[in-house]
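S.K.: here is a sequence together with a model predicted from it:
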Amino acid sequence: MLDSYDKPSSGGSDDHYAVVHYTYDGTEYTQEYRVWRAYYNMIGSEITVKCDPNDPTQLNDSGDLLLYIILGSVFGIVSLIFGLVDLILKKLSKKILGG
């Protein structure tokens with residue numbers, strides 16, 4: 001189950017934290033994560049967590065990796081589009097200007 005709270009940061013804005021309460025092999029655990037606002041608004045939601053069986057206090061969090069992969073892919077695609085547009089415009093300007 002998720003809980004959350006805000007804590008003022010040194011930059012003047014609030015940092016958002018999610019608190020994850022989970023049970024593994026009959027023992028209850030609580031983990032706290034600094035999160036984006038979208039996760040912060042999921043108060044009371046039930047989620048599935050994956051923990052290391054050898055150390056249940058360590059949760060596996062692949063969400064950040066997926067986010068970086070998505071952002072990297074988008075950046076790459078946008079860069080490719082801008083590069084192609086630049087190349088086409090240079091070729092057209094050479095044709096038009098006769099250079």
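M.R.: Structure received.

S.K.: contacts, neighbours, all on C-alpha from now
M.R.: Fine.

S.K.: would residue 79 count as being in a strand?
M.R.: No: judged by DSSP: H, G, I helix; E, B strand; the rest coil, residue 79 forms no part of a strand; its state is helix.

S.K.: so who does residue 34 touch?
M.R.: Residue 34 is in contact with 15, 16, 17, 18, counting by Cα atoms under 8 Å, 6 or more residues apart in numbering.

S.K.: now that we have the residues you listed, which one has the most neighbours?
M.R.: The most crowded member of those is residue 18, carrying 23 neighbours; neighbours defined as other Cα atoms under 10 Å.

S.K.: show me what the lengthiest strand in the chain is packed up against.
M.R.: When the chain is parsed with DSSP state E, its longest strand is strand 14-24. On a contact count with 3 or more Cα pairs under 8 Å, 6 or more residues apart in numbering; DSSP states H and E, strand 14-24 meets strand 2-8, strand 27-35, helix 37-40.

S.K.: where among these is average confidence lowest?
M.R.: Lowest mean pLDDT of those: helix 37-40, a mean of 54.

S.K.: before we move on, the earlier item: restricting to C-alpha, output the longest strand of the chain in CSV.
M.R.: Taking Å, rounded to 0.1, in the frame of the first residue of the first chain, the C-alpha atoms of strand 14-24 are listed here in CSV:
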residue,chain,number,x,y,z
ASP,A,14,8.5,20.6,-2.0
ASP,A,15,10.1,17.2,-2.5
HIS,A,16,7.5,14.4,-2.8
TYR,A,17,8.0,11.0,-1.1
ALA,A,18,6.1,7.8,-1.4
VAL,A,19,6.1,5.3,1.5
VAL,A,20,5.6,1.7,0.4
HIS,A,21,4.3,-0.7,3.1
TYR,A,22,4.6,-4.4,2.1
THR,A,23,4.8,-7.9,3.7
TYR,A,24,7.2,-10.6,2.8
